[in-house]
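**Q** predicted model and sequence follow; I will ask about them next.
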Number of protein chains: 2
Amino acid sequence: MKKSLGPQTLAFPLPAFLVASYAPSGSPNIMTAAWGGIASSDPPCISVSVRPSRLTYDSILKAKAFTVNIPNAKLAAAVDFAGIVSGRNFDKFEKCGLSAIRSELVNAPYVAECPVVLECELHKTVDLGAHVMMIGRIMDVKADEGLEGEGALLDIAKVDPILYNSGGDYHRAGESLGKAFHIGKTLK
Amino acid sequence: MKKSLGPQTLAFPLPAFLVASYAPSGSPNIMTAAWGGIASSDPPCISVSVRPSRLTYDSILKAKAFTVNIPNAKLAAAVDFAGIVSGRNFDKFEKCGLSAIRSELVNAPYVAECPVVLECELHKTVDLGAHVMMIGRIMDVKADEGLEGEGALLDIAKVDPILYNSGGDYHRAGESLGKAFHIGKTLK
């Protein structure tokens, strides 16, 4: 028997992305986003939801670009900080000890310390009320050397990403449960 | 120095949701979705992306509802199976040994064996090409007893959700990295 928790914004797993953009002033800024995910395969798109009050909102609309940066476990405190404070009051890159690198293909900075970064052009916005979905077309993915996986492009254990447990804490990824497009074949 | 991987649909973590709906015939059906995530806080919305060729696409458009079911690690083979085959050819609930329960609030079944389920009304669709985003308004979240967390509504270790490593394998969630809205305060 299941019990009702009400209409919560809850799912597992949730990401802890760092969304980077150039503010209208030209300064690089980051924001933590747990509301988002891959949106389409072709064109390859990713979505992150941003409150219109955020500096990141104005920044993405003006620059028409952003990056989605995948932080690793070492960056958990920075990810939390970037979700607590506003880029209007803090230079979050500086406070977090992070480096902003100008993207190769889009008008947005990426976070050098993040092992994987997605360079995105703003493709579409969807106003849902409290948040506006910023759907970015993925122009390129860049990753640190040495993260290659067997079968997968990248090894999740080497990337060591952060999961956000809604309202609670951050977690690492854990052990493998088996190969995709393979372990289900036993049920056929 | 980062290397370019091209425009890949890659992010960490990615979910492995089971999206359940009633087919136009009335039969309950499930589909595995790794493209999706929470989309807005108010109204609370979740998005899952579905290819128009899928039975789930026709089902959601007709019923105007779906559920997002969070499988646990024990269901990894079923999750993989539900992503390999079509509901046009298989009764996926039966093949996976899963039970379809009629939702309380929306016109869609949920998966009894999943520890957490989100009952959603179709709120908006966004056509992106290969996939159409199905944005659902979360009407209720239902969870098994005994999953309560400290601070968070639910304990991720007790939920034991599945992460999808794009193109590779499935993973469990791992150890805690610290409390959200707390560990970042040291950087202020």
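**A** Done, it's in.
**Q** how about stretch A:117-131 and chain B, touching?
**A** Yes. Counting by Cβ under 8 Å from any Cβ of the partner chain, chain B has neighbours in stretch A:117-131: A:V117, A:L118, A:H123, A:K124, A:V126, A:L128, A:G129, A:A130, A:H131. For every residue, glycine as well, the C-beta is placed using N, CA and C.
**Q** what separation do you get for the residue nearest to the third one when sequence neighbours are not counted and B:V85?
**A** It stands for A:H123. Distances taken as Cβ to Cβ, 6 or more residues apart in numbering or on different chains put A:R137 closest to A:H123, at 4.2 Å, once the chain neighbours are dropped. Using Cβ to Cβ, to the nearest Å, one gets 30 Å for the distance from A:R137 to B:V85.
**Q** more neighbours: these two, which one.
**A** Neighbour totals were compared for A:R137 and B:V85, and A:R137 leads with 21 against 16 (other Cβ atoms under 10 Å in any protein chain shown).
**Q** correct me, but the more buried one touches A:A39?
**A** No. With contact defined as Cβ atoms under 8 Å, A:R137 and A:A39 do not form a contacting pair (9.6 Å).
**Q** tell me the spatial nearest neighbour of A:R102, not counting adjacent residues.
**A** Nearest non-adjacent residue to A:R102 (Cβ to Cβ, 6+ apart): A:P109, at 6.0 Å.
**Q** now the helices for chain A?
**A** Under the criterion DSSP state H, chain A contains helices at A:55-63, A:76-84, A:92-96, A:156-159.
**Q** the first one: how far from the chain's middle?
**A** Think helix A:55-63. 16 Å (Cα atoms, centre = their mean, to the nearest Å).
**Q** again with the third one
**A** A distance of 17 Å separates the centroid of the chain from that of helix A:92-96, by Cα atoms, centre = their mean.
**Q** about what we covered before: mean pLDDT and mean neighbour count added to the helices of chain A, as a markdown table?
**A** Supplementary listing: these in a markdown table, determined by pLDDT from 0 to 100; neighbours: other Cβ atoms under 10 Å in any protein chain shown:
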| stretch | mean pLDDT | mean neighbour count |
| --- | --- | --- |
| helix A:55-63 | 98 | 20 |
| helix A:76-84 | 95 | 23 |
| helix A:92-96 | 94 | 20 |
| helix A:156-159 | 96 | 20 |
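**Q** ok so, going back, please give me every residue in contact with the residue nearest to A:R102.
**A** A:A20, A:S21, A:Y22, A:P28, A:T67, A:F93, A:A100, A:I101, A:R102, A:S103 (Cβ atoms under 8 Å, 6 or more residues apart in numbering or on different chains).
**Q** with A:N107 instead?
**A** Shown in contact with A:N107 (Cβ under 8 Å, 6+ apart): A:Y22, A:A63, A:K64, A:A65.
**Q** quick revisit: so which of the helices of chain A gets nearest chain B?
**A** Nearest to chain B, of all those, is helix A:76-84, at 3.0 Å by Cβ to the nearest Cβ.
**Q** low-scoring pLDDT stretches of chain A, where are they?
**A** Under the criterion of pLDDT under 70, none of chain A is flagged as low confidence.
**Q** just the strands in chain A please.
**A** With DSSP state E as the definition, chain A shows strands at residue ranges A:2-6, A:14-15, A:17-22, A:28-33, A:36-41, A:44-50, A:65-70, A:100-102, A:109-111, A:116-127, A:132-144, A:162-164, A:169-179.
**Q** got CSV for those, with distance to A:Y57 too?
**A** Listed next are these as CSV, based on distance: least, Cβ to Cβ, whole Å:
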stretch, distance to A:Y57
strand A:2-6, 28
strand A:14-15, 19
strand A:17-22, 9
strand A:28-33, 9
strand A:36-41, 14
strand A:44-50, 5
strand A:65-70, 10
strand A:100-102, 19
strand A:109-111, 17
strand A:116-127, 9
strand A:132-144, 7
strand A:162-164, 20
strand A:169-179, 24
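**Q** quick one: closest of these to B:Y170.
**A** Closest of these to B:Y170 is strand A:169-179, at 4.1 Å (criterion: Cβ to Cβ).
**Q** what sits up against the closest one?
**A** Under the contact criterion Cβ under 8 Å, 6+ apart, strand A:169-179 has outside partners A:16, A:73, A:76, A:79-80, A:151, A:156-157, A:160-165, A:183, B:12-13, B:73, B:76-77, B:80, B:151-152, B:156, B:162-163, B:168-180, B:183.
**Q** quick one: common contacting residues for A:R137 and A:A39?
**A** Between them, A:R137 and A:A39 share these contacting residues under Cβ under 8 Å, 6+ apart: A:C45.
**Q** so A:K62 makes contact with A:G26?
**A** No. Assessed by Cβ under 8 Å, A:K62 is found out of contact with A:G26, at 10.3 Å.
**Q** many thanks, have a good one.
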